[in-house]
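**Q** Pasting a predicted model and its sequence here:
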Protein chains: 2
Amino acid sequence: MGLDNFTEKKFKDYLKLKGLRYTKQRKEILEKILNRMGHFEIEDIVLEFKNQNIDVSRSTVYRTLNILKELGIVNEVIKFKNKTLYEVALNEHHDHLVCENCGKIIEFHSQEIEDLQNKICEMYNFKPNFHRLEIYGLCKECKNLNEG
Amino acid sequence: MGLDNFTEKKFKDYLKLKGLRYTKQRKEILEKILNRMGHFEIEDIVLEFKNQNIDVSRSTVYRTLNILKELGIVNEVIKFKNKTLYEVALNEHHDHLVCENCGKIIEFHSQEIEDLQNKICEMYNFKPNFHRLEIYGLCKECKNLNEG
DNA sequence: GTAGATGCAAAAGATTTGCAGCCTA
DNA sequence: TAGGCTGCAAATCTTTTGCATCTAC
């Protein structure tokens, strides 16, 4: 995939709208997260830049991720053991099964759950923005080990 | 409610099982969280002890909460803006609507969602332990303010 | 030219840990 | 009595922020 024009434009437009600037660093960060499959932590990004001798500081990564979150290009998906995992939000929304033993993360999507959630929000006159459903437990492999 | 014998016994038994001790501090902490309705932060607990001149240190609160979490007497329910909220897990399980504007938390329970989750876990051969469903958005009041 | 961005180092919070002394079983 | 527990202070880890400098527009 890489830096597709569509997402880059979305980002640029949003920045302009807010009176912000499209800098070299912001472009680097957008590029990097679009190249990533699956989940990532801020620290991953910071280290990759360091290893590749690309000059983007930790603070800038944090600041930019906050903008991308606002924009909905990334989601903060999981909070587990004081770690925050992000993911690119361009694909269909999904939720997560998290294995407490091996840390594996399995994605799933259930339209029925989404619909029920919307129904509940209506009941409470609540305007949903995003949601996070995490089911913690043991994955197939770890379950078998435990029962073994 | 207060320190009911049932929960105290559960805690004591678990401690014994693990070769741990039932100390004055652990009893104080259990008592305090059982007396609380709704959600709490570690810091709340620490401050209350301080105000009441009860000698239980912050580290002990953290250490004990970790044990109570393992035991399932408390759940870590919400991670929001770098804050962790806990709740006593003795009542029926429920999920949360979190207002991003005023911070209000609305609890709800949907058996249908629970059932669907179980169905999904079966599909993936995943053994669920607990889950967390948080829907972020605007509550009725804040929504009206925004639209007003 | 100027408002906004960056990098750095420091600060702020949350949580954990090492250690010496204390207490429960 | 001994191994676990506590309080304290220090350490860790994540995230934010103040500031001087730089840069996109």
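**A** That came through fine.

**Q** pLDDT weak spots in chain A?
**A** Applying pLDDT under 70 to chain A flags the ranges A:1-3, A:91, A:148.

**Q** Centroid-nearest residue for it?
**A** A:Glu87 (2.1 Å; C-alpha atoms, centre = their mean).

**Q** That one: helix or strand, and which one exactly?
**A** Assigned by DSSP states H and E, A:Glu87 falls within strand A:83-88.

**Q** what residues are up against the closest residue to A:Pro128 other than its chain neighbours?
**A** Nearest non-adjacent residue to A:Pro128, counting by C-beta to C-beta, 6 or more residues apart in numbering or on different chains: B:Gly137, 4.1 Å away. C-beta coordinates here come from the backbone N, C-alpha and C atoms, glycine included. Shown in contact with B:Gly137 (C-beta atoms under 8 Å, 6 or more residues apart in numbering or on different chains): A:121, A:126-130, B:97-100.

**Q** what does the strand holding A:Glu87 rub up against?
**A** Contacts for strand A:83-88 (C-beta under 8 Å, 6+ apart): A:33-34, A:36, A:38-42, A:65, A:69, A:73-79, A:105.

**Q** Stretch A:61-68 now?
**A** Against stretch A:61-68 from outside (C-beta under 8 Å, 6+ apart): A:11, A:14-15, A:20, A:25-26, A:29-30, A:33, A:42, A:45-46, A:49, A:74, A:86.

**Q** Show me what counts as buried in the longest strand anywhere in chain A.
**A** Longest strand in chain A by number of residues (criterion: DSSP state E): strand A:127-138. Within strand A:127-138, the residues that qualify as buried by neighbour count (16 or more other C-beta atoms under 10 Å in any protein chain shown) are A:127-128, A:130-138.

**Q** Next, the angle from the next helix or strand after that strand to strand B:127-138.
**A** The C-terminal neighbour of strand A:127-138 among helices and strands, as given by DSSP H and E, is helix A:140-147. Put simply, helix A:140-147 runs at 140 degrees to strand B:127-138, going by axes from the mean of the first three to the mean of the last three C-alpha atoms, to 10 degrees.

**Q** list the buried ones in helix A:140-147?
**A** For helix A:140-147, by 16+ other C-beta under 10 Å, it's A:142-143.

**Q** chain center to that helix, what's the gap?
**A** 28 Å (C-alpha atoms, centre = their mean, to the nearest Å).

**Q** Parallel or antiparallel, list what pairs with the longest strand of chain A.
**A** According to DSSP bridges, strand A:127-138 has the following sheet partners: strand A:95-99 (parallel), strand B:127-138 (antiparallel).

**Q** contact partners of the first one?
**A** In this structure, residues lying in contact with strand A:95-99 by C-beta under 8 Å, 6+ apart are A:77-78, A:80, A:104-110, A:113, A:132-139, A:142, B:120-121, B:124, B:126, B:128.
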